[in-house]
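Asks: Here is my input, please return the structure:
(chains A and B)
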There are 2 protein chains.
Amino acid sequence: MCELLAMSANIPTDIVFSFTGLAERGGVTGPHVDGWGITFYEGKGSRTFKDAAPSSRSQVARLIKSYPIKSEVVISHIRQANRGKVSLENTHPFTRELWGRYWTYAHNGQLTGYQDKFVTRRYQSVGETDSEQAFCWILESLVAKFGEQEPADMMPVFEYIAALAEQIRQLGVFNMILSDGRYLMNFCSNNLCYITRRAPFGTAKLIDTDVVIDFHQETTPNDVVTVVATRPLTDNEQWQVLQPGDWKLFCLGELRLSGSTAELHLL
Amino acid sequence: MCELLAMSANIPTDIVFSFTGLAERGGVTGPHVDGWGITFYEGKGSRTFKDAAPSSRSQVARLIKSYPIKSEVVISHIRQANRGKVSLENTHPFTRELWGRYWTYAHNGQLTGYQDKFVTRRYQSVGETDSEQAFCWILESLVAKFGEQEPADMMPVFEYIAALAEQIRQLGVFNMILSDGRYLMNFCSNNLCYITRRAPFGTAKLIDTDVVIDFHQETTPNDVVTVVATRPLTDNEQWQVLQPGDWKLFCLGELRLSGSTAELHLL
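Replies: Okay, the predicted model is just below:
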């Protein structure tokens, strides 16, 4: 399996604290030694740092832990390989352009019998993972349903992605984080939680390494920052745990839309 | 204008030496302070490091200069903005997936009157540069001509890209480097040169900063490494200068195909 981490904030915020906790799981407090990656959006632009080396020992990860890149949306993943060899092309997050935006995605879980279902032409996998092929299929399905131009209202797009994610979940375990640079969407198969931090800010203590942060020192009263992870990263805060089929859509740190695919089935 | 740097090698090779010279042009020996980026291919995978900060002062550039990433194909660019604001989404290289490979591209020059010509649907620009739009148009044209599956013979693909590049060159200055991870293609509008290093290896001395390298110490007798740049990076070696309309295709360090668009017009 793998670990996921994501952030949505209403002001460019660095994720050094949370990433420091996550990176420990890549070889120190967790077994996820088969590469890692992190995507930072800065406006419409994005940049991804990746390494096939374990995050706890990676020189690139050391940079990320020491260099506070300010971002409104972040997606990160550390990998324990199940499908596909340990290599850069199999390392999450994956990015593709759709509607003039970079879409970025990472997956925790494993799928079976997906090859016949996820047939794509326009978006093709570069690596060999079930994860990337599912992402290509989601994007291809969006083009098929909504066409070549970005819809004015993006809410139906994310509702449709939830319906697609529910179909993917039938093939195994599918915890997903996905963003177009504005919205951060999470879909829970069995393992996803989040916390929204806002004033009055307190201190937080990482589970995976001996680091404490006082957010009050690092923030302004108007900041709203949501962090999503497969497992809580701190042990002195209340994380919201998602149930199977739950999905949440955040924008600028705030919850914008949510649902469960059980509800969707009623529509 | 900007500076381009690229490498093609028959063995994973680091580009620390050449990048050290190029990065000086981003604020020390050159005026290209509006961001920089570098893409490393490792197998089919690729990773891009980008920064909107000048390369001579960037913390990310410092990592690249100290951390030898071994790669068979590298594409790099430092920017002096002419079209599009200084921001991450306008920073080269640009990457898109086509035929299950990541295609990466960087451009030196400036184009006018391109908006009507480079109309695309499938590949859309994220930023506002003429460069990215030309790249999207090239990829869209490849799909239109060759279809959804990668051709078995890639040589007609690169010949067609040369013909497209010639059309783009009519709109201004278009020095280009482009790769699918196997092949490295260069198209010269007015400013491109290259050098192929092979045994017996000698020493090389950077023009832009006081660094000398003895390649003999860093290589094996079978290594073949081609470096492409807008201007020579060393002053004690013989760089091959391309003429307007010249294009070269390298694979594993060796020249695989070349032509000039004047010749193409005769076909």
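Asks: does stretch A:154-171 come close to chain B?
Replies: No. Among the residues of stretch A:154-171, none lie within reach of chain B under Cβ under 8 Å from any Cβ of the partner chain; the closest is 15.8 Å away. Just so you know, the C-beta spots here come from the backbone N, C-alpha and C atoms, and that holds for glycine as well.
Asks: So what sits opposite the spatially most central residue of chain A in the bridge?
Replies: The residue lying closest to the centre of chain A (Cα atoms, centre = their mean) is A:I177, at 3.2 Å. Each beta-bridge partner of A:I177 is listed here: A:A106, A:N186, as defined by DSSP bridges.
Asks: can I get the CA coordinates of stretch A:67-77 in PDB?
Replies: Taking Å, rounded to 0.1, in the frame of the first residue of the first chain, the C-alpha atoms of stretch A:67-77 are listed here in PDB:
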ATOM      1  CA  TYR A  67      12.700  24.700   1.500                       C
ATOM      2  CA  PRO A  68       9.200  26.100   2.200                       C
ATOM      3  CA  ILE A  69       7.400  26.200  -1.100                       C
ATOM      4  CA  LYS A  70       4.200  28.200  -0.700                       C
ATOM      5  CA  SER A  71       1.300  26.600  -2.400                       C
ATOM      6  CA  GLU A  72      -2.600  26.600  -2.300                       C
ATOM      7  CA  VAL A  73      -2.900  22.900  -3.400                       C
ATOM      8  CA  VAL A  74      -0.400  20.100  -2.700                       C
ATOM      9  CA  ILE A  75      -0.700  16.400  -3.600                       C
ATOM     10  CA  SER A  76       1.900  13.900  -2.300                       C
ATOM     11  CA  HIS A  77       2.400  10.100  -2.200                       C
END
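Asks: hmm, it touching chain B?
Replies: Yes. Stretch A:67-77 reaches chain B (Cβ under 8 Å from any Cβ) through A:Y67.
Asks: How far does that stretch sit from its chain's centre?
Replies: 11 Å (Cα atoms, centre = their mean, to the nearest Å).
Asks: so who does the residue nearest to the centre of chain A touch?
Replies: Contact partners of A:I177, counting by Cβ atoms under 8 Å, 6 or more residues apart in numbering or on different chains, are A:4, A:6, A:75, A:105-106, A:184-186, A:228.
Asks: Check what pLDDT it gets.
Replies: On the pLDDT scale, A:I177 is placed at 98.
Asks: next one: A:W36
Replies: According to the model's per-residue confidence, A:W36 sits at a pLDDT of 89.
Asks: wait, doesn't it sit right on A:I64?
Replies: No. Look at A:W36 against A:I64 with Cβ atoms under 8 Å: they stay out of range, at 9.4 Å.
Asks: Pick out whichever of these two has more residues nearby.
Replies: Neighbour count, other Cβ atoms under 10 Å in any protein chain shown: between A:W36 and A:I64, A:W36 has more, with 34 against 23.
Asks: Bridge partners for that one, pull those for me.
Replies: Beta-bridge partners for A:W36, by DSSP bridges, are A:D51, A:I78.
Asks: still on that earlier bit, shared neighbours, A:W36 and A:I64?
Replies: In terms of Cβ under 8 Å, 6+ apart, A:W36 and A:I64 are both contacted by the residues A:A23.
Asks: and A:L142, what is it in contact with?
Replies: Under the criterion of Cβ under 8 Å, 6+ apart, the contact partners of A:L142 comprise A:98, A:157, A:160-161.
Asks: what about the nearest residue to A:T13 once chain neighbours are set aside, distance to A:V16?
Replies: Spatial nearest neighbour of A:T13, chain neighbours left out: A:V225 (5.4 Å); criterion: Cβ to Cβ, 6 or more residues apart in numbering or on different chains. Separation of A:V225 from A:V16 (Cβ to Cβ, to the nearest Å) stands at 13 Å.
Asks: what about those two, which has more around it?
Replies: More neighbours sit around A:V225 than around the other of A:V225 and A:V16, counting by other Cβ under 10 Å; the figures are 23 against 16.
Asks: hang on, that one packs against A:G253?
Replies: Yes. In this structure, A:V225 is within contact of A:G253 by Cβ under 8 Å, at 5.3 Å.
Asks: So which elements touch the longest strand along chain A?
Replies: Residue-count comparison of every strand in chain A, with assignments taken from DSSP state E, identifies strand A:2-13 as the longest. Using 3 or more Cβ pairs under 8 Å, 6 or more residues apart in numbering or on different chains; DSSP states H and E, the elements in contact with strand A:2-13 are helix A:16-24, strand A:71-79, strand A:101-108, strand A:175-179, strand A:183-187, strand A:224-229.
Asks: Quick one: distance of it to the chain centre.
Replies: Taking the mean C-alpha point of strand A:2-13 and that of its whole chain, the gap between them comes to 8 Å (Cα atoms, centre = their mean).
Asks: Pull out the buried positions in it.
Replies: Counting neighbours by 16 or more other Cβ atoms under 10 Å in any protein chain shown, one finds that the buried residues in strand A:2-13 are A:2-10, A:13.
Asks: Lowest pLDDT pick from those?
Replies: Taking the buried residues of strand A:2-13 together, the minimum pLDDT is found at A:C2 (82).
Asks: contacting residues around it?
Replies: The neighbourhood of A:C2, defined by Cβ under 8 Å, 6+ apart, consists of A:32, A:77-80, A:92, A:106-108, A:230.
Asks: again, only this time at 10 Å
Replies: A:25-26, A:30, A:32, A:34-36, A:77-82, A:92, A:106-110, A:131, A:175, A:191, A:230 (Cβ atoms under 10 Å, 6 or more residues apart in numbering or on different chains).
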